[in-house]
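Engineer: Can you look at this prediction? I've put the sequence above it.
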There are 2 protein chains.
Amino acid sequence: MGARESQPQTHAQPTIVDVALRAGVSVATVSRALRDYPYVAAATRERVHRAASELRYVADANAARLASGRSHTIGLVAPILTSWYTSEVIAGVEEVLQVAQLDLLISTGRAPTSKSLAGPDQAFRQRVDGMILVDVFWREEGARELARMPTPAVVVGEKLAAITSLSIDNQLGAEMATRHLLELGHRRIAVVGELAAVGVTDSVPQQRSKGFRRAMTAARIRNDRQLVVDGEFTIEGGRRAARQLLQSNEPPTAMFCMSDEMAFGVLQVAREMGISVPDELSVIGFDDHPAAEAFGLSTIRQPVRQMGRLAARLMSDILDGHQGTARHHPLGLALVERSSTAPPAMA
Amino acid sequence: MGARESQPQTHAQPTIVDVALRAGVSVATVSRALRDYPYVAAATRERVHRAASELRYVADANAARLASGRSHTIGLVAPILTSWYTSEVIAGVEEVLQVAQLDLLISTGRAPTSKSLAGPDQAFRQRVDGMILVDVFWREEGARELARMPTPAVVVGEKLAAITSLSIDNQLGAEMATRHLLELGHRRIAVVGELAAVGVTDSVPQQRSKGFRRAMTAARIRNDRQLVVDGEFTIEGGRRAARQLLQSNEPPTAMFCMSDEMAFGVLQVAREMGISVPDELSVIGFDDHPAAEAFGLSTIRQPVRQMGRLAARLMSDILDGHQGTARHHPLGLALVERSSTAPPAMA
DNA sequence: GTCTTCTATGCAAACGCTTTCAGCATGGAG
DNA sequence: CTCCATGCTGAAAGCGTTTGCATAGAAGAC
């Protein structure tokens, strides 16, 4: 009793068949009409659209994906989701995906098994049309492997040749920051970064480290190992680094922190120790974190949100077939002077 | 010419059929064996597993979902992804989903069309087994509607009866903050919150507002409308609020900011105006944002990450059928005293 | 031995779409 | 008047799983 005659009072979602029945056409036509394909008479299209909206029908994404191979979903992988950086990238990505009608599947980069950097696992790749990899460290070799995979990818945060990528020039940024301190007259400048990573070829910390050294060398200042300390890229690490540096018998007059968050920790410790910033100590960060202004922190601004937007746009283009060849997209940096940097006190 | 005989040199993913062929069993058996269903002989199971791993086979999620109705994906919706709060929740959620073998699909709560708070659109719901709604404002009426939907949901940030929810006690938190200031001896206390939302019944700002009023009333202090200002829940808004309050002819001796970020703005302005905190002005926030410590900001700590974890665990339980009835789960708050609050200067 | 239970397996029907292919009008070209 | 494009539509074959049902042995019950 009661075949499909009565309107579907049940809570089951309507299927394409329901729409077809109601519009008096075949499911094939419904499928075409709803996706605005050619070869559908205007009147028919109209009728189908009406039927669909009356039924509140929306195509099942899984079935569609199964049949067509496309999922209209792009995946994003990042080692940590909680950092300011990552969430800002995500926000940028979402911004453009939303208008591009694409969904976002997020995954934290599960342990990159030391073996062949397996990368996002297959299960993940299957469900997306493309991936945006943020802050996972690939290097050219990994990039080539990545490029060979069937799922297209865009890497943010690293300069790569084998695959579409985008990043800032970390070395340049560090150089800008250091030069700023140098120009103010500082000579005894400390860096707080991440020791473990500095050794890793082309890692972000290493690049920033290079930029720092380069500016220092240009100013003919010798490398002083006492003045490079570990801040682990966290606020807490920044605090430790600051204590270590400020309690030494010959403290620096300025510090370049490779991230704003470390700089926040430094600022806190300076305040607690009664060391006045910028009178007795200049501090410059890197990022332009949303809280940097409130700290009055001078810093190097990187356009993170914009990076997210760009990544999404590139991905979207690739999916549309306008890909062009893989290339790297550099993004600009800007020095933001605030109140944490000034000429050093008289010696 | 090479049917399926040769091993699949092609880049196409192996399907369940390939595994079946290789293990010498039917696809049905493969399906069962791989998911560790009963009624599969140990030896067979073993053989299938081996074949699968040799082929690097992993079941296509879309096909599986289509056939079984389950997607092993939970969806998360939030109005903004970029806030510290949201990303912390997400991190907590991811933490437990990862071990529960569930994927996370994220979506920003598209414009909640004023009409029947459509909620997460159908397209989204279809793709997930359950949803975690963070900081979308439902109220009991919306909650009931939500509960009627086929997709189970967990709401974080609001106390609801009709649906599983979890939140802190906002009123209590505000009361704790205010009482702290009161106990230090302050009488002229300002609140910075969000005016627009204070009028909305049971919105977070309204609840915090109530808590504030309640503590003040208990201390027999009259309501002074000059002392409640808008900070829009942003750093910038905090700055504006601070300027307005501090430039008035009778400035407060203490301020309760409904969020740490607004407090950051306040602190910045105070510093710029040469007003010493906490000597001339006490400031307390709400959240315990990661940067709060660096600011030396006293605040009310809410366990955001833990909320994410709990939400995910509840969702996971619901999906496993251990749901129990919908209920609200309260989370604890703690006063964190730092250096931004102290007794008022002599009058 | 026969009759039931179980256990283990396979067959084949969904699941809800997309897409190929073929078919039917229609209408202009010849 | 015939022939071919051309525009529109429908039938049906997948897409890669899961799962209900049937079946074949094996093992107990009698």
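Structural biologist: Great, that's in hand. For clarity, every value in this text was computed on a predicted model and none was experimentally measured.
Engineer: I'd assumed A:Arg50 was in contact with A:Gly24.
Structural biologist: No. Here A:Gly24 lies out of contact with A:Arg50, judged by C-beta atoms under 8 Å, at a distance of 11.5 Å. Placement of C-beta: from N, CA and C, glycine included.
Engineer: any idea how far B:Val77 is from A:Arg301?
Structural biologist: Separation of A:Arg301 from B:Val77 (C-beta to C-beta, to the nearest Å): 31 Å.
Engineer: What of A:Arg144?
Structural biologist: 37 Å.
Engineer: the more surrounded of the two?
Structural biologist: B:Val77 (25 against 14; other C-beta atoms under 10 Å in any protein chain shown).
Engineer: Secondary structure class of the closest residue in space to A:Ser298 that isn't next to it in sequence, three-state.
Structural biologist: Spatial nearest neighbour of A:Ser298, chain neighbours left out: A:Thr341 (4.2 Å); criterion: C-beta to C-beta, 6 or more residues apart in numbering or on different chains. Under DSSP: H, G, I helix; E, B strand; the rest coil, the three-state class of A:Thr341 is coil.
Engineer: ok, A:Thr341 - contacts?
Structural biologist: Neighbour list for A:Thr341: A:His180, A:Leu181, A:Leu184, A:Ala254, A:Pro278, A:Ser282, A:Val283, A:Ile284, A:Ser298 [criterion: C-beta atoms under 8 Å, 6 or more residues apart in numbering or on different chains].
Engineer: ok, the most centrally placed residue in chain A to A:Asp279 distance?
Structural biologist: The centre of chain A sits closest to A:Val89, judged by C-alpha atoms, centre = their mean, with a distance of 3.8 Å. Counting by C-beta to C-beta, the gap from A:Val89 to A:Asp279 is 36 Å.
Engineer: same deal with A:Ala91?
Structural biologist: Counting by C-beta to C-beta, the gap from A:Ala91 to A:Asp279 is 37 Å.
Engineer: Repeat that for A:Leu104.
Structural biologist: A:Leu104 is 47 Å from A:Asp279, by C-beta to C-beta.
Engineer: Then A:Ala263?
Structural biologist: For A:Ala263 relative to A:Asp279 (C-beta to C-beta), the value is 17 Å.
Engineer: what about these two, which has more around it?
Structural biologist: Neighbours per residue, other C-beta under 10 Å: of A:Ala263 and A:Asp279, the larger number sits with A:Ala263, 31 against 11.
Engineer: list the contacts for A:Leu81?
Structural biologist: A:Ser87, A:Ile90, A:Ile106, A:Thr108, B:Ser87, B:Ile90, B:Ala91, B:Glu94.
Engineer: do the same with A:Pro205
Structural biologist: Counted by C-beta under 8 Å, 6+ apart, A:Pro205 has contacts A:Gly193, A:Glu194, A:Ala197, A:Val198, A:Phe233, A:Met258.
Engineer: Show me where the stretch 101-250 of chain A has its strands.
Structural biologist: A:103-108, A:130-134, A:153-156, A:165-168, A:189-193, A:228-230 (DSSP state E, counting those that start in this stretch).
Engineer: residues in chain A within reach of DNA strand D, list them.
Structural biologist: A:24-29, A:32, A:38-45, A:63, A:66-67 (C-beta under 7 Å from any atom of the strand).
Engineer: quick revisit: any shared contact partners between A:Gly24 and A:Arg50?
Structural biologist: What both A:Gly24 and A:Arg50 touch, as defined by C-beta under 8 Å, 6+ apart, is an empty set.
Engineer: A:Asp36 is in what secondary structure piece?
Structural biologist: Following DSSP states H and E, there is no helix or strand that holds A:Asp36.
Engineer: What distance do you get for the nearest residue to it once chain neighbours are set aside to A:Val58?
Structural biologist: The spatially closest residue to A:Asp36, leaving aside those adjacent along the chain, is A:Arg45, at 7.6 Å (C-beta to C-beta, 6+ apart). Computed as C-beta to C-beta, the A:Arg45 to A:Val58 distance reads 17 Å.
Engineer: likewise A:Arg144?
Structural biologist: Taking C-beta to C-beta, one finds A:Arg144 at 40 Å from A:Val58.
Engineer: for the stretch 51-200 of chain A, what are the low-confidence residue spans?
Structural biologist: In the predicted model of the stretch 51-200 of chain A, residues A:109-120 satisfy pLDDT under 70.
Engineer: Apply 50 and report the result again.
Structural biologist: A:111-119 (pLDDT under 50).
Engineer: Show me what from it comes close to DNA strand C.
Structural biologist: A:Tyr57, A:Ala59, A:Asp60, A:Ala63, A:Ala64, A:Leu66, A:Ala67, A:Ser68, A:Gly69, A:Arg70.
Engineer: Of those, which fall within the contact range of chain B?
Structural biologist: A:Ala59, A:Asp60, A:Ala63, A:Leu66 (C-beta under 8 Å from any C-beta of the partner chain).
Engineer: Surely the third one forms part of a helix?
Structural biologist: Yes. Judged by three-state DSSP, A:Ala63 forms part of a helix.
Engineer: measure stretch A:49-62 end to end?
Structural biologist: With C-alpha to C-alpha, to the nearest Å as the measure, stretch A:49-62 spans 21 Å from end to end.
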